[in-house]
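Student: predicted coordinates and the sequence they were generated for:
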Amino acid sequence: MIRVVATTPFEGQKPGTSGLRKKVPVFQQPHYVENFIQSVFDSLEAYEGETLVIGGDGRFYNREAIQTAIKMAAAAGFGRVLVGKGGILSTPAASCVIRKHEAFGGIILSASHNPGGPHGDFGIKYNIGNGGPAPEKITDAVFERTKEIKEFRIADAGDVDLDTLGITRIEDMVVDVIDPVEDYAELMGTLFDFDAIRDLFAGGFTMRFDAMSAVTGPYAKAILEDTLGAPAGTVINAVPLPDFGGHHPDPNLVHAKDLYDLLMSDDAPDLGAASDGDGDRNLIIGRGQFVTPSDSLAMIAANAHVAPGYKAGLKGIARSMPTSGAADRVAQQLGIALYETPTGWKFFGNLLDAGLATVCGEESAGTGSDHVREKDGLWAVLMWLNVLAVRKQPVAQIVREHWATYGRNYYTRHDYEEVDAAAAEGLIADLRARLEELPGSRLGDLVVEKADDFAYHDPVDGSVTSKQGIRVYFADGSRIVYRLSGTGTAGATLRVYIERFEPDATRHGIETQAALADLIDISRSLPDIAGRTGRAKPDVIT
Ligand code: G1P
Ligand code: ZN
């Protein structure tokens, strides 16, 4: 039986950069999940009898939300749901399953790299049939719908047994509990030279992969250890936990510090890698050599042709605007296009669908390709393994040679977290108001060449997305970017991205913060961050 339940709207169910993301207790309010999912369904058309993919990163409240989503999908008239066993599907695996099974779309339960547990974060995101995040047209419609929703529909059925593979039914809908790893692992096997990577491990290559007690554990174990022969224990923190063991499942130098320290120590393995809560981010550290995500994108682009799935070369490279220009230099050398998009993976979808770009990436530890429509943590790790297996050089040497060839883009991001929202918005508004007066002005020893507020003109559908970040360019090619995070759940997060290009190989060994010291000072004084936010220093430097 299908129940039609009267409801009232909640304030602020606005999907951000990666769907709707709030604290768990917010999602636990009666009807909160139902209102949002119904608003998603109400914003879609012609899905009757179609397939919906459902899965999440295993965090606290994952199972409850999945049961609700399944029953609502049945009430909405979907013909079939594919749900990962245990409610598990990494974000890239969900994208893969949507594409492979030609589903209408998918619902992904995740708050990515944000902490989990009863007081942590939760999130719901809708992905469309190409496997990628819903475009703004849909997320805007969903938000409008959340403001006026009056009822939702849900099947009056018992919970689905998520821990047993196989098929059951709710109303007319088939519920298929699938192995969350299988389709994804198969796809990876078509892209990379698994034999070469197997030989690499057989030859004594050592690695540590930190799954951060999040979703990639089962994927990494199956692929790295069971398929590619990496020794047992290569994958650590491999069991997804509802609270990620109390850690922040964000693979950066702050939250994966133990891994970083190991790779900088005398006992370092050849490669260290990690992924985040939902498996779409990656961290790559060679022995004694951290690879920044912006550099990793450039190095992957420069070497991808060694992997079977990319041997025909790349069609183009896309990067988010704040990501460093390192990939631009590779694109130039390869003679292919470079696309600069707003922050967030959804802007890559059109470029990938249209065959304009093959690889894409963001400075926030996201890299991926046209194999799915999400960034993909394990994909990046396998790509590096494939490159290492073919080039037979240490990571540090590949990095050095890359810089020597293309020059080095020194790069850092400074985050000011949980800042007063009005103060942060005022800071950006003030910069925006000064865009015309900035060019020509001298800041420290540097002269501003141009300043703008990034607007993206999508070359495929012609849509324009404006106000995507204040960019200040200096005459020496350096750049500072200011933008507010769209994924935070408390106050505002001001992100400041600082970059300088250094062509001279004799100057490639400088510590990053030192190499950027003058720009860092300017980044603080130009909008008077301390005066406006009360913060003399950023909370997180990556
Ligand atoms: C952040 C990152 C962005 C990424 C997003 C989702 O968004 O900066 O690159 O796509 O998380 O993982 P932000 O909080 O900056 O809006
Ligand atoms: Zn993520």
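Tutor: Yes, it's here. Residues are numbered from 1 along each chain as shown. Ligands and ions are numbered 1, 2, ... in the order given.
Student: roughly how far does the residue in the stretch 101-250 of the chain that ligand 1 sits nearest to sit from ligand 2?
Tutor: Per Cβ to the nearest ligand atom, residue 112 is where the stretch 101-250 of the chain lies closest to ligand 1, at 5.0 Å. The way it works is simple: take the backbone N, C-alpha and C, and place the C-beta from them, glycine included. To ligand 2, residue 112 is 3 Å away according to Cβ to the ion, to the nearest Å.
Student: need the contact list for that residue.
Tutor: Neighbouring residues of residue 112 by Cβ atoms under 8 Å, 6 or more residues apart in numbering: 18, 21, 57, 91, 123, 276-278, 280-281, 487.
Student: repeat the analysis, applying 6 Å as the threshold.
Tutor: Listed by Cβ atoms under 6 Å, 6 or more residues apart in numbering, the contact partners of residue 112 are 277-278.
Student: up against ligand 2, what does the stretch 1-150 of the chain have?
Tutor: The stretch 1-150 of the chain comes close to ligand 2 at residues residue 112, as judged by Cβ under 5 Å from the ion.
Student: quick one: the helices in the stretch 1-150 of the chain?
Tutor: Ranges of helices in the stretch 1-150 of the chain, per DSSP state H, counting those that start in this stretch, are 24-27, 32-42, 62-76, 91-100, 136-146.
Student: in CSV, list these along with mean pLDDT and mean neighbour count.
Tutor: Shown next, in CSV, are these (pLDDT from 0 to 100; neighbours: other Cβ atoms under 10 Å):
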stretch, mean pLDDT, mean neighbour count
helix 24-27, 97, 17
helix 32-42, 98, 23
helix 62-76, 98, 23
helix 91-100, 98, 28
helix 136-146, 94, 18
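Student: surely residue 283 forms part of a strand?
Tutor: Yes - under DSSP: H, G, I helix; E, B strand; the rest coil, residue 283 sits within a strand.
Student: in space, what's closest to it - neighbours in sequence excluded?
Tutor: Spatial nearest neighbour of residue 283, excluding adjacent residues (Cβ to Cβ, 6 or more residues apart in numbering): residue 251 at 3.6 Å.
Student: sec struct for that neighbour, please.
Tutor: coil.
Student: residue 530 now?
Tutor: Three-state assignment for residue 530 (three-state DSSP): helix.
Student: near ligand 2, which residues of the stretch 201-350 of the chain? Just list them.
Tutor: 276, 278, 280-281.
Student: before we move on, back to that, next, find the distance separating the residue of the stretch 101-250 of the chain closest to ligand 1 from residue 21.
Tutor: 8 Å (Cβ to Cβ, to the nearest Å).
Student: can you check residue 241 too?
Tutor: For residue 241, the distance to residue 21 - Cβ to Cβ - is 20 Å.
Student: between these two, which has more neighbouring residues?
Tutor: residue 21 (23 against 19; other Cβ atoms under 10 Å).
Student: wait, what's in contact with the nearest residue to the more buried one once chain neighbours are set aside?
Tutor: Spatial nearest neighbour of residue 21, excluding adjacent residues (Cβ to Cβ, 6+ apart): residue 123 at 3.9 Å. Listed by Cβ under 6 Å, 6+ apart, the contact partners of residue 123 are 19, 21, 110-111.
Student: look at residue 123 and report its pLDDT.
Tutor: Here, the pLDDT recorded for residue 123 equals 97.
Student: same check on the one 10 residues further on?
Tutor: The predicted local confidence for residue 133 comes out at a pLDDT of 93.
Student: and it, what does it touch?
Tutor: Counting by Cβ under 6 Å, 6+ apart, the residues that residue 133 touches are 127, 345-346.
Student: can we see that at 8 Å?
Tutor: With Cβ under 8 Å, 6+ apart, residue 133 has these contacts: 18-19, 125-127, 344-346, 349, 373-374.
Student: same question, residue 387
Tutor: Contacts of residue 387 (Cβ under 8 Å, 6+ apart): 299-300, 303, 306-307, 398.
Student: can you name the two of those residues that sit furthest apart?
Tutor: 307 and 398 (14.4 Å; Cβ to Cβ).
Student: possible to save the contacts of residue 123 as TSV with pLDDT?
Tutor: Below are the contacts of residue 123 laid out as TSV (pLDDT from 0 to 100):
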residue	pLDDT
19	89
21	94
110	97
111	94
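Student: restricted to strands, list those.
Tutor: residue 21 (DSSP state E).
Student: what values do phi and psi take at residue 211?
Tutor: Residue 211 adopts backbone torsions of phi -80, psi 0, taken as degrees, to the nearest 10.
Student: for it, which non-adjacent residue is spatially closest?
Tutor: residue 217 (3.8 Å).
Student: what residues does the stretch 101-250 of the chain have near ligand 1?
Tutor: Contact residues, the stretch 101-250 of the chain versus ligand 1 (Cβ under 6 Å from any ligand atom): residue 112.
Student: poorly predicted segments of the stretch 101-250 of the chain, please.
Tutor: Along the stretch 101-250 of the chain, segments meeting pLDDT under 70 are nowhere present.
Student: kindly recompute the last result at 90.
Tutor: 135-137, 247 (pLDDT under 90).
Student: what segments of the stretch 151-300 of the chain are strands?
Tutor: Counting by DSSP state E, counting those that start in this stretch, the segments of the stretch 151-300 of the chain that form strands are 151-155, 166-170, 173-178, 207-210, 235-236, 271-275, 282-286, 289-291.
Student: tabulate these (JSON lines), appending mean neighbour count.
Tutor: Putting the strands of the stretch 151-300 of the chain into JSON lines (neighbours: other Cβ atoms under 10 Å) gives the following:
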{"stretch": "strand 151-155", "mean neighbour count": "19"}
{"stretch": "strand 166-170", "mean neighbour count": "13"}
{"stretch": "strand 173-178", "mean neighbour count": "20"}
{"stretch": "strand 207-210", "mean neighbour count": "24"}
{"stretch": "strand 235-236", "mean neighbour count": "20"}
{"stretch": "strand 271-275", "mean neighbour count": "30"}
{"stretch": "strand 282-286", "mean neighbour count": "27"}
{"stretch": "strand 289-291", "mean neighbour count": "21"}
